[in-house]
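*Asks:* Quick one, what's the 3D model for this:
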Amino acid sequence: MTMTKKYKILGKYIKDMSSETADLETYIFVRDYIARYQLNIDINSKPLKNKLVEINTILKFEDKEDSKKKSYFEINYCTIIKVDNELKEKKDLEKIILCDVQVDIYTDLEKSLLDLLHNSGYPAVKFEKKVDFEKLYKQRSN
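*Replies:* Numbering: from 1, shown residues only. The predicted model follows:
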């Protein structure tokens, strides 16, 4: 049995991108402590006309500690999808938005964030773990 995709990506683009490092002291501090920065993902969506959905995936890379000196990095990556007319179940749509589309776009999104970090003066940053959207989605629905 082949599983046909219930949606089609019509477009994806960086809606907003931000990199803030206040001054040289902050830069040097952050460079030394960037290993403790964590990736945070926030996903929201809004229905548009004609079975179109706008999905905003917001990646933040931030210091959770209470440091005086911190940099701030964020990307809002927007994906526009067209949903299959057959799709009626809210749960199916939720899985598409929170899981399937994320899996499709994540490589591009992660590369954009890494480029931003590298261009912001932090060339050593790598993300060791891949985000497991299937797992996150299952945890959320339980």
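
*Asks:* And the average pLDDT for the longest helix along the chain is what?
*Replies:* Assignment by DSSP state H gives helix 101-119 as the longest helix of the chain. Mean pLDDT, computed over helix 101-119, is 96.

*Asks:* Summarise which helices and strands it is packed against.
*Replies:* strand 7-20, strand 52-63, strand 72-83, helix 133-141 (3 or more C-beta pairs under 8 Å, 6 or more residues apart in numbering; DSSP states H and E). Every C-beta, even on glycine, is put in place using the N, C-alpha and C of the backbone.

*Asks:* 7 Å instead?
*Replies:* In terms of contacts (3 or more C-beta pairs under 7 Å, 6 or more residues apart in numbering; DSSP states H and E), helix 101-119 is packed against strand 7-20, strand 52-63, strand 72-83.

*Asks:* Quick check: which of those is nearest to Arg31?
*Replies:* strand 52-63 (12.3 Å; C-beta to C-beta).

*Asks:* Report all helices and strands that the closest one contacts.
*Replies:* Secondary elements touching strand 52-63 (3+ C-beta pairs under 7 Å, 6+ apart): strand 37-47, strand 72-83, helix 101-119.

*Asks:* Out of the ones you listed, which gets nearest to Leu24?
*Replies:* Closest approach to Leu24 among these (C-beta to C-beta): strand 72-83, 16.3 Å.

*Asks:* That'll do, ta.
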